[in-house]
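# coords please:
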Amino acid sequence: MLEATQTQQLAQAQGKWNARLTPKHWKTLKGAFLGWIFDGYEALALVVVLSPLLASLMTPEQAASKPFYAGLVIGITLLGWGIGGLIGGVLADYVGRKTVMMWSVLLYALFTGMTAFSDSIAMLCALRFITGLAMGSEWSTGIALVAETWPPEAKAKGAGFLQSGFGWGTLAAAFIWYLLQLVGPLGVDAWRIMFLVGAVPALFVLYIRKDVDESEEWIAAVKNEQWGATEASKASKEKGGKRPFTLKQLFTEREAVRRIVLTSILSVVSIAGWWAVSSWLTEYTRTLAAAQGGGFHWDSYVSLLYTVGAIVAYMVSGFMADGMGRRWFLFLTFAGSLVTTFLIYGFATTPLQVLVFSPINGFFTLGCAFAWLAIYPSELFNTSVRSTAVSFVFNSARLVAWFFPIAAGSMIKAFGGIAPTAMAFGCIYIIGMALPWFLPETVERGQ
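As a prediction, the model looks like this:
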């Protein structure tokens, strides 16, 4: 035992970030990772099937306003996701990360499967909202578990690996939709199969229950009544008295308020940028392909390469953030998102050009732009409020960003097409380049 400990210490001293990781650490990551795979699948499944889905469900009167209804379906999902995530994040700080994760996965899997039986836009929107409510809690609980169980030198890498689950899920969605387009089952209703596949995660609850342990750090923080929101809080080590409401803590402690506001704005930039800009990538590709006569599944290939770029970003994001620091990583993320948005929507005029730029765009707008949310906010807040804080940062942005795809859908006609609308909304990334410098650098605590 002593020899093993000495070996671990020697490996750590030699710079091996994974020297102290045990099978228990990897099981925890696996549980959160699998949950996030299914979230990623569910998110992109809606985007890639949106056009045929609407064609199948819209009435002739609704078909005249297709961009509006496309934005509405996406927006209502985001709204439910945001509300559910906030509720679930708070609950996880009171009843535990594992319990909330199990219920989240079970419910969103069931309602995703039910979406396959939608027979109208109204029914679709209702099910998308409920699915979003259930799905919102899964991410913050997984992030909290990894942040509270992995050793400091490995946390950022683990968070990046966890976030890659979303990319693998979106890749699975893009690939399955590509196969469905080739095989053509159910004809115009092939989109229903995508949502039936999304019901599979219900079985995954059995794994979480058996192999994922509750966070010991969270149990200890609650037992010792460590209620402060940040390391600057005097209340963090005080005992006695009633536990303050976690969400209230975040908005009564001065330093916590500053951090929660700034990171929430950055989260809006990431989420609004993706849903109002990048979510139109496949539709934009279809438009360019149609102008050339069609006949090739350019949109499917663009989705696949875009997602591959995001997965690469997820896998290397922890190493990048540890190497250059959190603030420089954020600056690079949003600068890259801005540049590649203008390359695609301002420069590319053919499907082939979009195909070339799509993995680079995916690296920044879906990869790095969401990886920082898994790495950085959990380091800014203490254990007893961590899930609430991480959930608020991620999900409150959805309560703002849900409007952006609806607005984008309405503005496409006014702006004269997808490209000028996407570039207009893409300017939001400039905000993301400026705000990181007003936040503390946590890379030393993260390593």
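# Give me the neighbour count for the nearest residue to Gln249 once chain neighbours are set aside.
Once flanking residues are discounted, Gln249 sits nearest to Ala229: 4.6 Å by Cβ to Cβ, 6 or more residues apart in numbering. C-beta coordinates here come from the backbone N, C-alpha and C atoms, glycine included. Here the count is done by other Cβ atoms under 10 Å, and Ala229 has 30 residues near it.
# do the same with the one 4 residues further on
Burial measure for Ser233: 20 neighbouring residues, criterion other Cβ under 10 Å.
# tell me the contacts of the closest residue to it other than its chain neighbours?
Distance criterion Cβ to Cβ, 6+ apart; nearest residue to Ser233, sequence neighbours excluded, is Glu253 at 5.4 Å. Glu253 is in contact with 228-230, 232-233, 235, counting by Cβ atoms under 8 Å, 6 or more residues apart in numbering.
# Break down the stretch 51-200 of the chain into its helices, ranges please.
60-63, 66-95, 97-115, 121-149, 155-183, 191-197 (DSSP state H, counting those that start in this stretch).
# least reliable of those going by mean pLDDT?
Confidence, taken as mean pLDDT, is least for helix 60-63 of these (a mean of 82).
# now that helix, how far from the chain's geometric center?
Helix 60-63 sits 32 Å away from the centroid of its parent chain (Cα atoms, centre = their mean, to the nearest Å).
# Show me which positions of that helix end up buried.
Residues of helix 60-63 classed as buried: none (neighbour count, 16 or more other Cβ atoms under 10 Å).
# Give me the helix or strand of this structure that scores worst on average pLDDT.
helix 2-13 (a mean of 43; mean pLDDT, DSSP states H and E).
# distance of Arg209 from Ile37?
18 Å (Cβ to Cβ, to the nearest Å).
# Show me which of those two is the more surrounded one.
Per other Cβ under 10 Å, whichever of Arg209 and Ile37 has more neighbours is Ile37, with 21 against 13.
# Might you report the residue contacts of the more buried one?
With Cβ under 8 Å, 6+ apart, Ile37 has these contacts: 165-166, 168-169, 172.
# Let's have the residues you listed in CSV, adding distance to Glu216 and neighbour count.
CSV is the format used below for these (distance: Cβ to Cβ, whole Å; neighbours: other Cβ atoms under 10 Å):
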residue, distance to Glu216, neighbour count
Gly165, 23, 26
Phe166, 26, 28
Trp168, 28, 19
Gly169, 28, 27
Ala172, 33, 18
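# Report the rounded mean pLDDT for stretch 248-261.
The pLDDT scores in stretch 248-261 average 92.
# ok, and for it, which residues are buried?
Buried-residue list, stretch 248-261, by 16+ other Cβ under 10 Å: 249-250, 253, 255-256, 259-260.
# Give me the subset of those lying in helices.
Cross-referencing the buried residues of stretch 248-261 against helices under DSSP state H gives 249-250, 255-256, 259-260.
# could I get the buried residues of stretch 248-261 as CSV with distance to Leu133?
Below are the buried residues of stretch 248-261 laid out as CSV (distance: Cβ to Cβ, whole Å):
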residue, distance to Leu133
Gln249, 24
Leu250, 22
Glu253, 29
Glu255, 31
Ala256, 26
Arg259, 27
Ile260, 22
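# Go through those residues and say which is closest to Gln292.
Ile260 (47.7 Å; Cβ to Cβ).
# Now do the contacts for that closest one.
Counting by Cβ under 8 Å, 6+ apart, Ile260 makes contact with 250-251, 389, 392-393.
# mind checking which of the helices of the stretch 51-200 of the chain is nearest Ala32?
Comparing these against Ala32 with Cβ to Cβ, the closest turns out to be helix 121-149 (2.9 Å).
# Show me which positions of the closest one end up buried.
121, 124-149.
# cool, stretch 67-77 as well?
Buried residues in stretch 67-77 (16+ other Cβ under 10 Å): 67-77.
# Over to stretch 214-234?
215, 217-218, 221-222, 225-230, 233.
# Which of those fall in helices?
217-218, 221-222.
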